[in-house]
Each structure stands twice: as structure tokens, then as C-alpha cells.
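Participant: Using only what follows, build the 3D model:
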Amino acid sequence: MDQPEGFTTVGEEQKISGSSVAYLVLYVDDILLIENDVKMLGDIKAWLSSQFSMKDMGEASYILGIKIYKDRSKRMLGLTQSSYIEKVLKRFRMEHSKRGALPIRHGIKLSKKQSPKTDEELKRMSDIPYASVVGSITLNDGVVAWKSSKQDTTADSTPEVEYIAASEAAKEAVWMKNYIQELGVVPSIAKPVVVFCDNNGAITQAKEPRSHHRSKHILRRYHLLGEMVGRGDCRMDRVSSAENTTDPLTKPMSQVAHTQHLDKMGLRSMGDWL
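Facilitator: Modelled structure (predicted):
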């Protein structure tokens, strides 16, 4: 089987030339085609159909559990996982629960009565990741990647926790930057990725990496952050805790602050589309 002329694997040195560009995104047996030339799109579909048993579903509206909304008049593109959310609610029998405006409210009161009492409850509590890393990556005012996971290293200070989290976020962001740079669709992507952090100690360690009694025990792999900053792949900027966009789903805050953070993430109510 011959590869159609013009397609290259992202990461290869060979580049595509010409004004007509098409991207083929493949996940198992699902394919998305993105192009700026209608004739080229038809030629690609014809070639694929000659090589595989393929069904043309027309303009993309649903892919991998994600609903795609488009409004060409407003030049807007939206993605929603409402069906996934509904499945999660049904799984935990919460589909008829009252809707809340905030995930965590200010002034929430916890008591000993809410502590685990049975062996089963204690076992479940042991799986909760108290040492965690939280972050998100935004492009063109929209969140394109996000993560909340348990750190595999237990830190003994807040700066160390933030330094490790910043290192993990920077690695993902720099990879994404290189990937988009290969696609050639965002000229400004060549600029250093801005990594926001609300801890001065972590920022200082990344900008001026040096061994001292507070950081000498940090695993070597996390010091890649300093190398990326030194190479100009990314830069560290301070953000105040009040302006930290990764907080709305992990910390209690007011309705106004929560809405402001969601707006920065590019999240909108579907009512704006319908």
C-alpha cells in the first residue's frame, strides 16, 4: 500500500509544501479529516475508500464521546462531554440530584461523624491521593489539556510540591508546543511556553537551579524543569493564588471567582450555543 503524496508523520524532517493542507487524525478505526481544500478532501476520501472498507459519516459532529458544536457565523467551535457526565451521574445514582452552582462552597463544615467507620470505608480512604499534582494547559483562551493525579513522590515542603507539579506541567506543555510547531498552524507557538506558578520558592529554583539543603534531595528527573527554562523552551511566571486558574475545582471560592476562572478556561454554558 502506497502512502498518499503529501502526508508525513509528525516528527519527521520532511515537510509539506504548498497552500493546500490536510490533517488526518486517527484513533483506532475512527478518522477525522481536516483540510482547507474541498477537492483534496474528496481525493483523500476516495483513496482511503480504495484501500479500506470505510464509511463516510459526513461533517464531524460526534467523536470519541465528545459532541462538536459549530457556529460559522460567530466563528465559534465548542466541545462538550454532556453524555459522559450523564453516565457518571447514573453510575453513582445521582441523575436526579439537585444541581449545585459550586463544586466546593466557602464555609463547608466537616465533622468527626463524617470519618470512615467500617473497614470498607477505611480501605476506600487509603486510595485517596492526598499528595497530588494539578494543572492545565491553555491555548487560544481554551483549556486543551488538564491533569489531576497522585504524585509518586512524597514532598516535605510546599515549594517542593509546586516545583514537582511545575516540572510535570512543563514537560507536557513543551511536548505539545513541539507537536503544534510541526503542524505549522500556530506561528506564535515557537515562543517559550509560559508556566504559571504561585510559589516563589519553586520559581526561584527553576530559574536559578542550584544544590542546597532544601532541594538536594529532589529526584533528578524533576530538575528537567530548570533545563527547559535554560534552553528557552519555557519560562516561569508568578501568578497570585487568587488568579490561579487551576483552583476552581479543587478549592472553595465564591460564585464570582469560580465563574471568572471558568471563563479563563474557555468553558461556556451550552445555553450560549443553543
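
Participant: Follow the chain on from the top helix by length along the chain and name the next helix or strand.
Facilitator: Determined from DSSP state H, the single longest helix within the chain is helix 158-183. Sequence-wise, the next helix or strand beyond helix 158-183 is strand 193-197, with elements assigned using DSSP states H and E.

Participant: Tell me the buried residues in that next one?
Facilitator: For strand 193-197, burial by neighbour count (16 or more other C-beta atoms under 10 Å) applies to Val193, Val195, Phe196, Cys197. For glycine as for every other residue, the C-beta is placed from the backbone atoms N, C-alpha and C.

Participant: How about stretch 254-269, which residues are buried there?
Facilitator: Ala257, His258, Gln260, His261, Leu262, Lys264, Met265.

Participant: picking up where we left off before, packing partners for the longest helix of the chain?
Facilitator: With contacts defined as 3 or more C-beta pairs under 8 Å, 6 or more residues apart in numbering; DSSP states H and E, helix 158-183 has these neighbours: strand 132-139, strand 142-150, strand 193-197, helix 200-207, helix 224-231, strand 234-238.

Participant: what's in contact with the fourth one?
Facilitator: Identification of contacts with helix 200-207 by C-beta atoms under 8 Å, 6 or more residues apart in numbering yields 157-160, 162-163, 166, 195, 197, 215, 225-226, 229, 236-238.

Participant: cool, and the fifth one?
Facilitator: Contacts made with helix 224-231 from outside it, assessed by C-beta under 8 Å, 6+ apart, are listed as 163, 166-167, 170-171, 174, 205-207, 209, 234-236.

Participant: now these as CSV including distance to Ile180, neighbour count and pLDDT?
Facilitator: Output for the contacts of helix 224-231, formatted as CSV (distance: C-beta to C-beta, whole Å; neighbours: other C-beta atoms under 10 Å; pLDDT from 0 to 100):
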residue, distance to Ile180, neighbour count, pLDDT
Tyr163, 26, 26, 81
Ala166, 21, 25, 85
Ser167, 21, 22, 85
Ala170, 15, 26, 87
Lys171, 15, 17, 87
Val174, 11, 19, 87
Gln205, 28, 25, 81
Ala206, 23, 26, 81
Lys207, 25, 13, 81
Pro209, 27, 14, 66
Cys234, 14, 22, 88
Arg235, 17, 15, 90
Met236, 21, 21, 89
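
Participant: just checking, Asn244 touches Phe196?
Facilitator: Yes - Asn244 is within contact range of Phe196, at 7.2 Å (criterion: C-beta atoms under 8 Å).

Participant: who does the helix or strand that contains Val256 touch, helix- and strand-wise?
Facilitator: Assessed by DSSP H and E, Val256 sits inside helix 255-265. On a contact count with 3+ C-beta pairs under 8 Å, 6+ apart, helix 255-265 meets strand 132-139.

Participant: ok so, going back, between the contacts of helix 200-207, which is closest to Ala22?
Facilitator: Val195 (32.7 Å; C-beta to C-beta).

Participant: so how far does stretch 195-205 reach from one end to the other?
Facilitator: Using C-alpha to C-alpha, to the nearest Å, one end of stretch 195-205 lies 14 Å from the other.

Participant: now do stretch 82-102
Facilitator: Terminal residues of stretch 82-102 lie 18 Å apart, using C-alpha to C-alpha.

Participant: tell me the average confidence for it?
Facilitator: In this model, stretch 82-102 carries a mean pLDDT of 86.

Participant: Over to stretch 106-118?
Facilitator: 73.

Participant: can you check stretch 40-52 too?
Facilitator: On average, stretch 40-52 scores 88.

Participant: Please export the C-alpha coordinates of it as CSV.
Facilitator: Output of stretch 40-52 as CSV, limited to C-alpha atoms (Å, rounded to 0.1, in the frame of the first residue of the first chain):
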residue,chain,number,x,y,z
MET,A,40,-8.2,17.5,-1.8
LEU,A,41,-10.7,16.2,0.8
GLY,A,42,-12.6,14.3,-1.9
ASP,A,43,-9.3,12.8,-3.3
ILE,A,44,-8.2,11.7,0.2
LYS,A,45,-11.6,10.1,0.9
ALA,A,46,-11.5,8.3,-2.5
TRP,A,47,-8.0,7.0,-1.8
LEU,A,48,-8.9,5.8,1.7
SER,A,49,-12.1,4.1,0.3
SER,A,50,-10.0,2.3,-2.3
GLN,A,51,-7.7,0.9,0.4
PHE,A,52,-10.1,0.2,3.3
